[in-house]
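# just a sequence and a predicted model for now, questions to come.
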Amino acid sequence: MNKKYLLLFFLLPTFLRAQDQDLLALLGEEKSVEYATASFKTNRVINGHSIENTAAGVLDFKISHRFSPVRQGLYDIFGLDGATIRFGLDYGITNRLMVGAGRNSREKIYDGFVKYKILRQCSGAKNIPVTLTYLADAQIKSVKFADPSRDNKFTDRVYYTHQLLIGRKFGDRLSLQLMPTLVHRNLTTSPEDKNDVYAMGVAGRFKLSKRVALNAEYYYVPDGQIATSYVNSLSLGLDIETGGHVFQLHFTNSPDMTYKGFITETQEQWFFQGNDGQLMSGIRFGFNVSRVFTVVKPKELK
Amino acid sequence: MKKIVFLFVALTAATTISAQNYFTRDGKVKLDATSSTSPEKIEALTKTASCVLDASAGKIQWAVLLKSFKFEQALMEEHFNENYVESNKFPKATFSGQITNLSEVNLAKDGTYNAVVTGKMTLHGVTKDITTNGALNVSGGKIRVNAGFSLMLPDYGITIPSLVSDKVTKDARILIDATLEPMK
């Protein structure tokens, strides 16, 4: 009997030494929450928002252009002669709450938004399969009223957008999102155009390399809400990042960069038949350039 | 009775051995990849590095969660995780090493000792042998570890694109500052 214990006495330190091979195991496995990051390269897919937010304390300066249809050829240098511009600033108040504002040359629209991440996709100690974001955006058209003799009110200039963004990052390359959207227009131009327009957006990102990604964005407007001359917005683009800039180059059939514009007032399909039956294209070139500045340093570094 | 005595001795022996382990979960590791020609600092800090030191055997191990590195610029942090260390694929950097001049280091006595540590560094899925000097400051039963060394990033399969080679150096400097406490 004693011999057994003697054996134990000699063996115990050996067991311990063997255990020492992985000293860190002594600390136990800490359970952390792994949040999905960088589902999209910036907070915009192309025209509309992505599930990404500007980080806390970061100011994002954006300059965007949309050009005339490419079909106009070399005379118009493939549409580049006719440019509309939006410049804007986005700011991250926290990592989940951001605000932004911009000015569009088209219809002289001022826009402003608040965006809040309700749920963040994560795994590990906590498991949430999707990121859920709410966006409220207002657009004010400041171009002079077409008919000054009419009883024009300020509210006639205002448009609102409410959007939910439900997105998920599938592995390192692919991210997809759905965007149920409501665009409210205080004043519309025809009885066919409803004040409230419900639309469903779908968008995705596929990473081609570490610094280049392919983006697509489509907004579907169910029938009976907008005049039949308007069509759905479809955009395809490339995101290219270089240091502190993200360049988004794309082709789209929407000349507008505001929600009310690209969802409810896009006029030409990517390909359509012209009046004389010939095949025409409504494709336009455009780009967004984003440059970020850190205004408030993260408190973890202090 | 004899059984109990043996059991007691055996357990005491085990306790003595495990009491010679020191650890931390909140070690600081600073990463500096600023190139001499860079207009901006490329620096990051984590305060959650884990370390266990087996004082009797002179074995030391480290683990750092790469996502815990905080940069001044959020975009830089995103690029660090997405494009350089690929922290989704390789979440941790680890080091497992041995103090080679253990005879010159008396961790039972207060004082500052120069320790030479040699071991294996694993980063970005690549393991390399490294040797570095560090200072061990023993005071009041705690051991403060300070060390600094360089890692050649391309050795670990982390490539610096030529576009940013004037900003990001290939030769990243690592600074460690941690206070280890006895493990109970």
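Looks like it arrived, so ask away.
# what about stretch A:37-55, average pLDDT?
For stretch A:37-55, mean pLDDT is 96.
# in it, what's buried?
Going by neighbour count (16 or more other CB atoms under 10 Å in any protein chain shown), the buried part of stretch A:37-55 is A:37-55. C-beta here means a position set from N, CA and C on the backbone, and glycine is covered the same way.
# report the entries of those that also contact chain B.
Near chain B, judged by CB under 8 Å from any CB of the partner chain, the entries from the buried residues of stretch A:37-55 are A:T37, A:A38, A:A55.
# these two touch, right, the last one and B:M76?
No: because the distance of 10.6 Å does not satisfy CB atoms under 8 Å, A:A55 is recorded as not touching B:M76.
# so what's in contact with those two at the same time?
Here A:A55 and B:M76 have no joint contacts, going by CB atoms under 8 Å, 6 or more residues apart in numbering or on different chains.
# show me where pLDDT drops low in chain B?
Scanning chain B with the threshold set as pLDDT under 70 gives B:1-19.
# ok, now with 50
Within chain B, the stretches with pLDDT under 50 are B:14-18.
# ditto for the stretch 101-250 of chain A
In the stretch 101-250 of chain A (pLDDT under 50), no residue qualifies.
# helix or strand for the nearest residue to A:G82 once chain neighbours are set aside, which one?
The spatially closest residue to A:G82, leaving aside those adjacent along the chain, is A:S68, at 3.3 Å (CB to CB, 6 or more residues apart in numbering or on different chains). Using DSSP states H and E, A:S68 sits within strand A:58-69.
# that strand pairs with which strands, parallel or anti?
Here strand A:58-69 is paired, per DSSP bridges, with strand A:83-92 (antiparallel), strand A:284-294 (antiparallel).
# what about A:G28, how many residues nearby?
By other CB atoms under 10 Å in any protein chain shown, the residues close to A:G28 number 8.
# and what of A:A146?
The local packing of A:A146 (other CB under 10 Å) involves 8 other residues.
# and it, what element?
Using DSSP H and E, no helix or strand contains A:A146.
# can you give me how far stretch A:44-57 is from the chain middle?
Relative to its chain's centre, stretch A:44-57 lies at 4 Å (CA atoms, centre = their mean, to the nearest Å).
# oh, I was asking about stretch B:84-96
13 Å.
# in the strand holding A:S68, which residues are buried?
A:V58, A:L59, A:D60, A:K62, A:S64, A:H65, A:R66, A:F67, A:S68, A:P69.
# nearest to A:L301 among the residues you listed?
The shortest gap between A:L301 and any of the buried residues of strand A:58-69 belongs to A:V58, at 14.0 Å (CB to CB).
# and that closest one, what's its pLDDT?
Predicted confidence (pLDDT) for A:V58: 95.
# just A:G28 next, same as before
pLDDT, A:G28: 81.
# again with A:P298
At A:P298, the pLDDT value in this model is 86.
# cool, the one 3 residues further on as well?
The score at A:L301 is 75. That number is its pLDDT.
# go ahead and flag the most central residue of chain B.
The residue lying closest to the centre of chain B (CA atoms, centre = their mean) is B:W62, at 4.2 Å.
# quick check: which element contains that one?
If you go by DSSP H and E, B:W62 is part of strand B:59-65.
# what's the offset of that strand from the middle of its chain?
So, by CA atoms, centre = their mean, the centroid of strand B:59-65 is 5 Å from its chain's centroid.
# how about it, does it reach chain A?
Yes: using CB under 8 Å from any CB, strand B:59-65 reaches chain A at B:K59, B:I60, B:Q61, B:W62, B:A63, B:L65.
# which ones are touching the second one?
What it means is B:I60. Listed by CB under 8 Å, 6+ apart, the contact partners of B:I60 are A:L23, B:C51, B:V52, B:L53, B:D54, B:F95, B:S96, B:G97, B:Q98, B:I99, B:V117, B:G119.
# would you list the residues you listed in CSV and tack on secondary structure and distance to A:G243?
Below are these laid out as CSV (DSSP: H, G, I helix; E, B strand; the rest coil; distance: CB to CB, whole Å):
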residue, secondary structure, distance to A:G243
A:L23, helix, 40
B:C51, strand, 34
B:V52, strand, 38
B:L53, strand, 40
B:D54, strand, 44
B:F95, strand, 30
B:S96, strand, 35
B:G97, strand, 35
B:Q98, strand, 40
B:I99, strand, 41
B:V117, strand, 35
B:G119, strand, 35
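# I'd like those laid out as TSV, including neighbour count and distance to A:N127.
Listed next are the contacts of B:I60 as TSV, based on neighbours: other CB atoms under 10 Å in any protein chain shown; distance: CB to CB, whole Å:
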residue	neighbour count	distance to A:N127
A:L23	24	30
B:C51	26	30
B:V52	23	29
B:L53	26	35
B:D54	24	36
B:F95	22	31
B:S96	18	31
B:G97	22	36
B:Q98	15	39
B:I99	24	41
B:V117	22	39
B:G119	19	36
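# so which of those is the closest to A:V231?
Checking the contacts of B:I60 against A:V231 with CB to CB, the nearest one is B:F95 at 59.3 Å.
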